[in-house]
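> sequence first, then the predicted structure:
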Amino acid sequence: MSLMDTARKVRENAYAPYSNFKVGAAIRTTSGNVYGGVNVENVAYPEGTCAEAGAIAAMIAAGDTRIAEVAVIADSPIPVSPCGGCRQKLAEFGNGDVPVTLGTTDGKTMSTTLADLLPGAFTSDYMDRT
């Protein structure tokens, strides 16, 4: 199954009763594992979670830490990129060369990279984590 197919499949389980804007995300790690996530809305809008954040949380919970590829699919007539917060989260666990495929439910796709989505990302390289 392709990474976009995984994103498409998990998107079906998104919880978006307020916006009806369902998003599915899938990430492949450098170890080859695949993790999916969906957006989860809450009646208090800012308290919801994004699909990309859910996929990252699943990756971390499983013990993986490095992203090799990303796919995101949303209910939109054109491919939409992750929000700014998710771009930053993705940059924390992947380098600028990581390919990102953005898709729509009717099959349109756009290919980019993490660096193109978030030029000048603030990454963990700047932090003293010793």
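It's in.
> which ones are touching the residue nearest the centre of the chain?
In the chain, the C-alpha nearest the mean C-alpha coordinate belongs to E52, at 2.9 Å (CA atoms, centre = their mean). Residues in contact with E52 (CB atoms under 8 Å, 6 or more residues apart in numbering) are 25, 27, 37, 70, 72, 82, 86, 89-90. No exception for glycine: its C-beta is placed from N, CA and C like everyone else's.
> try it again with 10 Å
Shown in contact with E52 (CB atoms under 10 Å, 6 or more residues apart in numbering): 23-27, 37-39, 67, 70, 72, 82-83, 85-87, 89-90, 100.
> tell me the buried residues within those.
23-27, 37-39, 67, 70, 72, 82, 86-87, 89-90, 100 (16 or more other CB atoms under 10 Å).
> among the residues you listed, which lie within helices?
86-87, 89-90 (DSSP state H).
> columns distance to N33 and pLDDT on top of the residues you listed, output as TSV?
Listed next are these as TSV, based on distance: CB to CB, whole Å; pLDDT from 0 to 100:
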residue	distance to N33	pLDDT
C86	19	95
R87	22	93
K89	18	94
L90	16	96
